[in-house]
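A.B. asks: Give me coordinates for this.
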Amino acid sequence: QVQLVQSGGGLVQPGGSLRLSCVASGYPMDNYAIGWFRQAPGKEREVVSCINSVDRSRYYSDSVKGRFTISTDNTKNTAFLQMNNLTSEDTAVYYCAAGYYSVRSIPRATDFRTWGQGTQVAVSS
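C.D. replies: Here you go, the predicted model:
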């Protein structure tokens, strides 16, 4: 069973950047799809970006496309979410997750069974 531990996050001004990290233990990360999700107060958890386990294709939600980049370092069994040009709309608790979803499908939170502990990202001046 894979376990995920997150780091990164914090307070940043609009237009700034942050990088989130997610270290996996117990299993090679590239055995799984890796996803980043976020949940703002009063809102449902939404998908941000994912890497598919089969073809390593990347999915980005429309709200982050062109600003966020998902990546993995298999030598460190770590996933990253580089977030640039942040806005107040990006304020949320961010979660990494491991699971499986079909190639060319839109990943959903229910496709992921293992979750990190979450980390707060706050974008404010």
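A.B. asks: The most centrally placed residue in the chain: what secondary structure?
C.D. replies: With distances taken as C-alpha atoms, centre = their mean, the chain has Trp36 as the residue nearest its mean C-alpha position (1.8 Å). Look at Trp36: counting by DSSP: H, G, I helix; E, B strand; the rest coil, its state is strand.
A.B. asks: and it, bridged to which residues?
C.D. replies: In this structure, Trp36 has the following beta-bridge partners (DSSP bridges): Ser49, Cys96.
A.B. asks: separation between Tyr59 and Cys50?
C.D. replies: Tyr59 is 5 Å from Cys50, where distance means C-beta to C-beta, to the nearest Å. (Each C-beta comes from the backbone N, C-alpha and C, glycine too.)
A.B. asks: Those two: who's more crowded?
C.D. replies: When Tyr59 and Cys50 are compared for neighbours, Cys50 comes out ahead with 26 against 19, by other C-beta atoms under 10 Å.
A.B. asks: hey, what's in contact with both of Tyr59 and Cys50?
C.D. replies: Taking C-beta atoms under 8 Å, 6 or more residues apart in numbering as the criterion, Tyr59 and Cys50 both touch Pro107.
A.B. asks: tell me the contacts of the residue nearest to the centre of the chain?
C.D. replies: Contacts for Trp36 (C-beta under 8 Å, 6+ apart) come out as 20, 22, 47-50, 68, 70, 79, 81, 94-97.
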